[in-house]
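Asks: After the sequence you'll find the predicted model.
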Amino acid sequence: MSQDAITPREKDFSQWYLDIVTKAELADYSPVRGCMVIRPNGYAIWERLQRTLDGMIKASGHRNAYFPLFIPESFIRKEAEHVEGFAPECAVVTHGGGKQLEEPLMVRPTSETIMYHMYAKWIQSYRDLPLLINQWANVVRWEMRTRLFLRTTEFLWQEGHTAHATAEEAEEETCQILEMYRRFAEEEMAVPVFMGRKSENEKFAGALHTYSIEAMMQDGKALQAGTSHNLGQNFARAFEVKYQDENQAWQYCWQTSWGVSTRLIGALIMAHSDDRGLVLPPRMAPTQLVIVPIWSSDEQKSAVLSYVDALRGQLEGQVDYHIDDRDQLRPGWKYAEWELRGIPLRLEVGPRDLEKRGAVLVRRDTREKQTIAAEQLAKAVAASLTTLQRDLFARARDFRDAHTRSIDTYEEFRRYMREASGFAWAHWCGRPECETRVAQETKATIRTVPFRPSDRLTTPDAPGPEEGHCLACAATSSQRVLWGKSY
RNA sequence: CGGGGUGUGGCGCAGUCCGGUAGCGCACCUGCUUUGGGAGCAGGGUGUCGGAGGUUCAAAUCCUCUCACCCCGACCA
């Protein structure tokens, strides 16, 4: 554990981020460029996230499966848009067993092609539908520039892939998953998000349309935190994913795919943490409470430890806790270390508490100390965890709202994107050229196009349809879209 | 791939201008004293100075080439 200070956010935001990742021992650089080692502290967060999300995925009727890492190179070429989007960033295996392969194998950048190849075999009748499959896997994309957790050459994710009988069902699925991601981000990660549709420029290669959830980081930049694609029949046609309907007619399936990745750990860090280190929302923390016993003499040590032992009974099964009884370190050191690691609550228990049959409970986010009575422990811990979770979300939402504004003129927009940093609701005519131009001139892109009253979902906190003029070309526009610089 | 920066013990750095054979802080190990916000004292171990070549009696230091990483931009979850 390094005891050097973390670079303050004000001074250098990306260095601050990297300091947290490395000093809290979440991840480390690998000998291979662009790849990272996820260390136990970081992997524990991933496991926590995975457990919760996996439960949600299964509760909505999906089942897990596992498809292979290697994909025949020809597969990726079968869908025109898809190959264009992914071919440049694919890793290709040309040799195996000491011999050149007859057909090179791609390391999956995503699994649409290999999964749908199998779906074509498994689906024959409308009775086989819907097919609702998810997989937890690693994927590889050869990125130009990488950043720990946010963009690495290899990353972990879940990818859901479904096949349906009708376009309506597929759209329903796409929306239902997006809503699930929103709930996960806001309720579990305490990260507020805007939901909506991606512009043509930003959508997934091969999809009819893409929906996403967009979060704001503490530097005002956007992070795409989850995506859900309605694939229409694009892949079904390319891979012959067909079924016979009630009238014995052959129909192409309607498909969806959706995913979130280890990038979410980056979102968690950049949304909540401070200059002392990581701040984890209780529902994402592998350990929610750390107990630090304090003693001087050996007699005190055994008295305090048996008192702690009595206290822990109240916590069993209620909260994930850890007792830090390391002998060689002083309490102050332990406090700093657990704060760096983002553990939401700390319980200090020393001779004075023992005497008064109490303890001191400390919040990670505010570092506020509260003296509690021994018999109140379970209640106080539960209450603090709930409050902390709620406060983190509220603080993140307030920050986002304070850095989001409506802008009407391109001049003001340029100044805002240059001098401030945040989201802007501004009019857009809908043409990709206009988005490209704004992106080139300001670095800001359309993060999301809010849902309209006719859509299945709504975008909370978004301005409703309204007449206006496109930022770039001044043509009439019927709604504002969300702009921002992004990761 | 362009622009900027950094490579010296596990980590953070000084030393480089002006060549003389490597040092500081933290961490680590041992012992004693300590323990309610990053403990003190004493003792101890730790380096092919990113790599290769060159100049020189002598290179961390000068020259040439090279590699890696970080930051900013172009590609993206």
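Replies: Structure's in. What do you need? No experiment lies behind these values; they were computed from the predicted model shown.
Asks: Could you check how far residue A:118 is from RNA strand B?
Replies: 23 Å (C-beta to the nearest atom of the strand, to the nearest Å). Placement of C-beta: from N, CA and C, glycine included.
Asks: Give me every residue in the stretch 251-400 of chain A lying close to RNA strand B.
Replies: Counting by C-beta under 7 Å from any atom of the strand, the stretch 251-400 of chain A comes close to RNA strand B at A:261-263, A:276, A:294-296, A:301, A:327, A:329-333, A:335-337, A:339-340, A:346, A:348-354, A:359-360, A:362, A:367, A:369.
Asks: What about these, which are in helices?
Replies: Counting by DSSP state H, those place A:263, A:301, A:331-333, A:335-337, A:339-340, A:351-354 in helices.
Asks: Now, of these, which are buried?
Replies: Burial by neighbour count, judged by 16 or more other C-beta atoms under 10 Å, picks out A:263, A:301, A:335, A:337, A:339-340, A:351, A:353-354 from those.
Asks: Break chain A down into its domains, please.
Replies: Listed domain ranges for chain A are A:13-272, A:284-399, A:404-484 (source: automatic domain parsing).
Asks: about what we covered before: export the ones in helices among the residues of the stretch 251-400 of chain A next to RNA strand B as a markdown table, with columns for pLDDT.
Replies: As requested, these are exported to a markdown table (pLDDT from 0 to 100):
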| residue | pLDDT |
| --- | --- |
| A:263 | 95 |
| A:301 | 93 |
| A:331 | 94 |
| A:332 | 93 |
| A:333 | 93 |
| A:335 | 95 |
| A:336 | 93 |
| A:337 | 93 |
| A:339 | 94 |
| A:340 | 94 |
| A:351 | 95 |
| A:352 | 95 |
| A:353 | 96 |
| A:354 | 96 |
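Asks: Quickly name whichever of these is closest to residue A:233.
Replies: Closest approach between these and residue A:233, by C-beta to C-beta: residue A:263, at 29.2 Å.
Asks: what about that closest one, distance to residue A:151?
Replies: According to C-beta to C-beta, to the nearest Å, residue A:263 and residue A:151 sit 7 Å apart.
Asks: which residue ranges form the helices in chain A?
Replies: Under DSSP H, chain A gives helices at A:13-23, A:40-59, A:73-76, A:80-86, A:112-122, A:167-183, A:234-239, A:263-272, A:298-312, A:331-340, A:351-356, A:377-402, A:410-419, A:432-442.
Asks: most packed of those?
Replies: Ranked by mean neighbour count under mean count of other C-beta atoms under 10 Å, these are led by helix A:263-272, which reaches a mean of 25.
Asks: between that helix and helix A:13-23, how many degrees?
Replies: Relative orientation of helix A:263-272 and helix A:13-23, computed by axes from the mean of the first three to the mean of the last three C-alpha atoms, to 10 degrees: 120 degrees.
Asks: ok, residues contacting helix A:263-272?
Replies: For helix A:263-272, contacts defined as C-beta atoms under 8 Å, 6 or more residues apart in numbering pick out A:17, A:20-21, A:26, A:42, A:45-46, A:49, A:147-151, A:155, A:185, A:189-191, A:215-219, A:223, A:225-226, A:278-281, A:284, A:365, A:392, A:395-396, A:487.
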